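1. I would like the atomic coordinates for the input below:
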Amino acid sequence: MDDIQRARRSLCVFFAVLIPLTALAEWAIIRRIAFLDPTSRVLLLMWCPAVASFVARLVLREGWADLSFRLGGRA
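-> Residues are numbered from 1 along each chain as shown. Predicted structure coming up:
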């Protein structure tokens with residue numbers, strides 16, 4: 001499989017997780033679920049792309065070696 005197909009598959013998995021997860025978070029905000037204060041609502045929405053990214057990496061077994069959690073990237 002070439003890089004373009006792998007990237008497309010990764011994006012499909014990412015968006016397949018992101019869209020329902022974000023919709024669920026938005027539903028909780030619209031319904032004003034009792035345990036969600038304004039800060040929690042923002043955090044819930046902010047973490048949706050991160051969770052989708054982690055799930056996509058786990059499902060596709062892409063690994064974590066190419067990630068850098070340092071400020072400014074890799075040394």
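
2. Residues contacting the helix or strand hosting residue 41, please?
-> Assigned by DSSP states H and E, residue 41 belongs to helix 38-60. The contact list for helix 38-60, computed with CB atoms under 8 Å, 6 or more residues apart in numbering, reads 9-10, 13-15, 17-18, 21-22, 25-26, 28-29, 36, 62-64. Every C-beta, even on glycine, is put in place using the N, C-alpha and C of the backbone.

3. Can you pull the poorly scored residue ranges out of this structure?
-> For the chain, residues meeting the criterion pLDDT under 70 lie at 1, 34-36, 64-70, 72-75.

4. longest helix anywhere in it?
-> helix 3-30 (DSSP state H).

5. list the contacts for residue 26?
-> residue 45 are the contacts of residue 26 under CB under 8 Å, 6+ apart.

6. how near is it to residue 15?
-> From residue 26 across to residue 15, the span is 16 Å (CB to CB, to the nearest Å).

7. And residue 37, by the same measure?
-> 29 Å.

8. Specify which residue of those two has the higher count of neighbours.
-> residue 15 (13 against 9; other CB atoms under 10 Å).

9. If we ignore the residues flanking it in sequence, what's nearest that one?
-> residue 52 (7.7 Å; CB to CB, 6 or more residues apart in numbering).

10. Burial check on that neighbour, number of neighbours?
-> Neighbour count for residue 52, taken as other CB under 10 Å: 20.

11. Over to residue 32?
-> Residue 32 has 8 neighbours, counted by other CB under 10 Å.

12. got it, and the one 10 residues further on?
-> Around residue 42 sit 12 other residues, with neighbours defined as other CB under 10 Å.
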